[in-house]
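Novice: Show me the folded form of this:
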Amino acid sequence: MSSLTLLLRVWGLLLLLIGLPLQTAHAAGVEFQVICYHDVRDDPRDEPDRYTVSTSQLVQHFSWLKESGYNVVGIDDILAARRGGKPLPPKAVLLTFDDAYKSFRTKVFPLLKAFGYPGVLALVGKWLEVPSGERVPYDSHAYSREDFLSWEELREMMASGLVEVASHSYDLHKGIPANPQGNTLPAAITRQYSPSGYEPEEAYRARILDDLTRNSDLLEKQLGKRPRIMVWPYGRYNETALELARQAGMPLTLTLDDDGINTDKVGLDRIKRILVSYNPTAAELAADLSSSKRSSPVRVMHVDLDYVHDPDPVQQEVNLSRLLDRVKEMGISTVYLQAYADPDGNGVADALYFPNRHLPMRADLFSRVAWQLQSRAGVKVFAWMPLLAFELPSGHPDRGRTVGTMQPGKAGYHRLTPFDPRARQVITEIYEDLARHAIFQGILFHDDATFSDYEDASPAALRHYAEQWQLPADVSAIRADPELMRRWTQLKTRYLTAFTLELSRRVARDQPQLKTGRNLYAKVALEPDSEAWFAQSLPDFLSSYDFTAIMAMPFMEEAPEPLPWLGRLIQSVAAHPGGLEKSVFELQSVDWRQGNRPVPADLLAKQMRLLQTSRAINFGYYPDNFFDDQPPMSVIRPLFSLQSFPYR
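Specialist: Alright, predicted model coming up:
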């Protein structure tokens, strides 16, 4: 490292420590950031809560904002700028305070007046209707009614012109039963489970609209003004909830989506906020407001839910506990979690692990395991799903709408053809059902999303080639002409990608922060001409998905020397702009050619070391056998865990 580089790094650290702004001021106009506070206490230890900030730290935050050139704005300023009126000042910030604690009147409001800062205060109507002297149920904690503001105090502060009241729902700030195992998930986005089944979509919509309207009616009655802002409890929302908020007269809604600047590309119906937690210093707040945050590395355990499932519910819970303990101890970031059932291991979904309209449900298990992994093990969960490989049950009217091949003896997975509108609709509805019945952060499209150089030859595909792509309705004729073959290959690649992105948009209606990933065969990265055999392209994947999950599996590819082969694969990916940053290298922990024999742990560790030293920062492995400690945690954890090998 040069002395100049070292000096610049030290100077950057000093700037942070003395509280000077680290980010380059973003352009004036329509851009702003939002800070989300909750309770304020002189000593947060009096009432331990990760979201409580001390009075002294809040004073430092406000002082730092002013001294560092931040401009605290109100909702009217933001609306005017978005309508083309007066631009927002540089480094515009909106201050919000959730839950209406008494401390807003005693601690926050005097500071707002002293600094001349406006603020948004979010109210939960049911809590404020609790009579004096009684308890307010808030998650697992019961507060006193006196811990929250009175209507008189609210009216007084609104009269100052500094405080805008927002809705925080009437009674959605709680969890409700979400699956047969009893997990409680945020009420605003959950289709409630009861012994009679899941809440129908119409009933869900009616419940949410009734709640939002009821709270707006209450605030209008008590405060003389209906709210125009909805603040989603726990930051959880979906497209249906946004639509219902608009119907209830609240076109502006505040979330807890990923930290960052709200630009004109972010709709005012889903405003991002920075959640203040663990009583941060002013320097830590400065880091949170920085617009140049570095992406965290990804470490993935790819898990078969078939391993967790057991007909005995007691044993199934034992299996789940083993998995949770292992994931937490491994210290990783992400789990790719199987959402379909494949007990025979042929890669085709015979059943699903969530309620759906088309396939049998082996067990209502995905929601339970996904939520436990997030809440207890602290990882992100990607739902691992086939794109086309669904075995519809006997008697299903669309069972026969499958991919056709000109080489019957070399057919790949059994797959529904995406060129048939009815088959596409079946797949789309399966993905919609997944999205409605669980909470997860991403979707991983399985390696079945391919066409060989002889596929798809189904009648629906041939019609599409002729009518939409102006190609012969004959695979043999296409293959006989090199130019037609090239066009056909590229069009199939794009078609599969377009279908995955369409499904992602459908899933994102219920999972708004959805990230996307897709399995890529290593040969496609090593030999670009092999696109013809897979209808896959590394540049296409890198530009289309958040992550490309490259199957870096030397034994599956029959590589004679695993480490040199992996080195060549890394180099091939690195040659593409953003290749290493947007790829996850999936190693194999089992050699399926050798009767499912475990890959030697020391070799797996050497592969991880090679990835690290080659600056391939995102990697994982498949499968994880948490029953038999395969791969052995003692061997791979020092190289795999983010706790023992942090991102440099």
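
Novice: Could you list the domains of the chain?
Specialist: If you go by automatic domain parsing, the domain ranges for the chain are 22-289, 299-640.

Novice: so can I have CSV of the ones you listed showing mean pLDDT and mean neighbour count?
Specialist: Just so you know, the C-beta spots here come from the backbone N, C-alpha and C atoms, and that holds for glycine as well. CSV is the format used below for these (pLDDT from 0 to 100; neighbours: other Cβ atoms under 10 Å):
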stretch, mean pLDDT, mean neighbour count
domain 22-289, 94, 18
domain 299-640, 96, 19
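
Novice: Mind jotting down where the helices sit in the stretch 451-600 of the chain?
Specialist: Taking DSSP state H, counting those that start in this stretch as the test, the helices found in the stretch 451-600 of the chain are 459-468, 475-479, 482-508, 522-526, 531-534, 538-544, 562-574.

Novice: of all those helices, which lies closest to residue 263?
Specialist: Among those, helix 482-508 comes nearest to residue 263, with 18.8 Å by Cβ to Cβ.

Novice: Which elements pack onto that closest one?
Specialist: Secondary-structure packing of helix 482-508 (3 or more Cβ pairs under 8 Å, 6 or more residues apart in numbering; DSSP states H and E): helix 421-436, strand 442-445, helix 475-479, strand 515-521, helix 531-534, helix 538-544.

Novice: Quick one: closest of the ones you listed to residue 340.
Specialist: Nearest to residue 340, of all the helices and strands packed on helix 482-508, is helix 421-436, at 9.0 Å by Cβ to Cβ.

Novice: got the CA positions of the closest one in CSV?
Specialist: Extracted in CSV, the C-alpha atoms of helix 421-436 (Å, rounded to 0.1, in the frame of the first residue of the first chain):
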residue,chain,number,x,y,z
PRO,A,421,-50.0,-19.9,-22.4
ARG,A,422,-51.8,-22.3,-20.2
ALA,A,423,-48.6,-23.9,-18.9
ARG,A,424,-47.2,-20.4,-18.3
GLN,A,425,-50.3,-19.5,-16.3
VAL,A,426,-49.9,-22.6,-14.1
ILE,A,427,-46.3,-21.7,-13.3
THR,A,428,-47.2,-18.1,-12.7
GLU,A,429,-50.0,-19.1,-10.2
ILE,A,430,-47.6,-21.4,-8.4
TYR,A,431,-45.2,-18.5,-7.9
GLU,A,432,-48.0,-16.2,-6.8
ASP,A,433,-49.1,-18.7,-4.2
LEU,A,434,-45.5,-19.0,-2.9
ALA,A,435,-45.2,-15.2,-2.5
ARG,A,436,-48.5,-15.0,-0.6
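
Novice: That one to helix 459-468, inter-axis angle?
Specialist: Interaxial angle of helix 421-436 relative to helix 459-468 (axes from the mean of the first three to the mean of the last three Cα atoms, to 10 degrees): 100 degrees.

Novice: Residues contacting helix 421-436, please?
Specialist: 191, 201, 339, 352, 354-359, 366, 383, 385, 387-388, 390, 392, 397-398, 401-402, 416-418, 443, 460, 499, 502-503, 506-511 (Cβ atoms under 8 Å, 6 or more residues apart in numbering).

Novice: Residue 440 and residue 584: what is the separation?
Specialist: Per Cβ to Cβ, to the nearest Å, residue 440 is found 16 Å from residue 584.

Novice: and what of residue 73?
Specialist: Taken as Cβ to Cβ, the span from residue 73 to residue 584 is 39 Å.

Novice: In strands, which of the contacts of helix 421-436 fall?
Specialist: 352, 383, 385, 443 (DSSP state E).

Novice: Just the closest of the residues you listed to residue 559, please.
Specialist: residue 385 (28.2 Å).

Novice: quick one: contacts for that closest one?
Specialist: Going by Cβ under 8 Å, 6+ apart, the list of residues near residue 385 reads 339-340, 349, 431, 434, 443-446.

Novice: ok, back up a step: how about JSON lines for the helices and strands packed on helix 482-508, with distance to residue 106 added?
Specialist: What follows is those, written out as JSON lines (distance: least, Cβ to Cβ, whole Å):
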{"stretch": "helix 421-436", "distance to residue 106": "43"}
{"stretch": "strand 442-445", "distance to residue 106": "42"}
{"stretch": "helix 475-479", "distance to residue 106": "75"}
{"stretch": "strand 515-521", "distance to residue 106": "41"}
{"stretch": "helix 531-534", "distance to residue 106": "64"}
{"stretch": "helix 538-544", "distance to residue 106": "52"}
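
Novice: for those, which one sits closest to residue 259?
Specialist: In terms of Cβ to Cβ, the element of the helices and strands packed on helix 482-508 nearest to residue 259 is strand 515-521, at 15.4 Å.

Novice: Please name the strands paired to that closest one in the sheet, noting orientation.
Specialist: With DSSP bridges as the test, strand 515-521 is paired with strand 442-445 (parallel), strand 547-551 (parallel).

Novice: Give me the residues contacting it.
Specialist: With Cβ under 8 Å, 6+ apart as the criterion, strand 515-521 contacts 336, 380, 382, 441-447, 449-450, 500-501, 504, 530, 534, 536, 538, 541, 544-551, 584, 586.

Novice: try stretch 462-470
Specialist: With Cβ under 8 Å, 6+ apart, stretch 462-470 has contacts from 419, 471-475, 478, 487-488, 491.

Novice: residues contacting residue 186?
Specialist: Listed by Cβ under 8 Å, 6+ apart, the contact set of residue 186 reads 172, 175, 233-234, 236, 439.

Novice: and what of residue 448?
Specialist: 347-348, 386-389, 412-413, 415.

Novice: Point to the residue nearest the middle of the protein.
Specialist: In the chain, the residue lying closest to the centroid (Cα atoms, centre = their mean) is residue 441, at 2.5 Å.

Novice: any idea how far residue 36 is from it?
Specialist: Distance from residue 441 to residue 36, by Cβ to Cβ: 20 Å.

Novice: swap in residue 623?
Specialist: Separation of residue 623 from residue 36 (Cβ to Cβ) stands at 39 Å.

Novice: and if you look at residue 53?
Specialist: For residue 53, the distance to residue 36 - Cβ to Cβ - is 11 Å.

Novice: shared neighbours, the two?
Specialist: With Cβ under 8 Å, 6+ apart as the test, residue 53 and residue 36 both reach residue 276.

Novice: about what we covered before: mind checking which of the helices of the stretch 451-600 of the chain is nearest residue 79?
Specialist: Counting by Cβ to Cβ, and looking across all of the helices of the stretch 451-600 of the chain, nearest comes helix 482-508 at 26.0 Å.

Novice: and the angle from that closest one to helix 421-436?
Specialist: Going by the same axes, to 10 degrees, helix 482-508 makes 40 degrees with helix 421-436.

Novice: And the closest residue to residue 174 other than its chain neighbours, how far from residue 45?
Specialist: Closest residue to residue 174 apart from its sequence neighbours, by Cβ to Cβ, 6 or more residues apart in numbering: residue 187 at 5.4 Å. Distance of residue 187 to residue 45, given as Cβ to Cβ: 30 Å.

Novice: Since that was my last question, I'll sign off now.
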